[in-house]
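Enquirer: A structural model of the following input is requested.
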Amino acid sequence: MSQSLESRLETLERRLLELEDRAAIMQLIASYGPAADTCSQGVIAGLWTDNGIYSVVGTATYEGKAAVGALVENATHQDYVRRGCSHVMAMPHIVIDGDRAVATGYSQVFARDGDYWRVDRASANRWELVRTPDGWRVAARYNHLMDGSESSRGLLRQVVAPA
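Expert: The predicted structure follows:
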């Protein structure tokens, strides 16, 4: 039995909207690295919701978009930038549920070390996103160092064996 034209158009529209959402989420996450490497505090703050959080698990949690944006002013970050660095986000696994989404993936910070760059940090990340009138924004980001802990493996396990 074939679908009606109206049903086919509704299916096509739904699929197109999902692809647009995925592209917008990937663009948002991809924006973080260049903004961090150029100390663009306002750009980073603009990726988060007003009350969004960024948790570097086991280290610190920053609450509110102004606090998240201000991360680029801390001494550790400024040292990375002075030496030469690159914040690289890997393509995330994205699950969209209406106006909410979860993107899970890796990030790495490459730091210049003499004539070479080395991976200074490798992390697993969970980005919790919400659709706002201004587009997708980060409600929370949880950054887990890939240090062999159950914390980072557990986060990644959600992708391969969702609840």
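Enquirer: quick one, strands of this structure?
Expert: Remark: strands assigned in the chain by DSSP state E are 48-56, 60-63, 85-89, 93-97, 100-113, 116-132, 135-145.
Enquirer: what's the closest of those to Leu9?
Expert: Distance to Leu9, taken as Cβ to Cβ, is lowest for strand 93-97 among the strands of the chain, at 20.6 Å. C-beta coordinates here come from the backbone N, C-alpha and C atoms, glycine included.
Enquirer: now tabulate the strands of the chain in JSON lines and tack on distance to Ala35 and mean pLDDT.
Expert: Listed next are the strands of the chain as JSON lines, based on distance: least, Cβ to Cβ, whole Å; pLDDT from 0 to 100:
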{"stretch": "strand 48-56", "distance to Ala35": "11", "mean pLDDT": "97"}
{"stretch": "strand 60-63", "distance to Ala35": "15", "mean pLDDT": "96"}
{"stretch": "strand 85-89", "distance to Ala35": "9", "mean pLDDT": "97"}
{"stretch": "strand 93-97", "distance to Ala35": "20", "mean pLDDT": "97"}
{"stretch": "strand 100-113", "distance to Ala35": "13", "mean pLDDT": "97"}
{"stretch": "strand 116-132", "distance to Ala35": "14", "mean pLDDT": "97"}
{"stretch": "strand 135-145", "distance to Ala35": "12", "mean pLDDT": "97"}
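Enquirer: so who does the residue most central in space within the chain touch?
Expert: In the chain, the residue lying closest to the centroid (Cα atoms, centre = their mean) is Ile29, at 4.3 Å. When contacts are counted by Cβ atoms under 8 Å, 6 or more residues apart in numbering, Ile29 touches 89, 92, 103, 105, 127.
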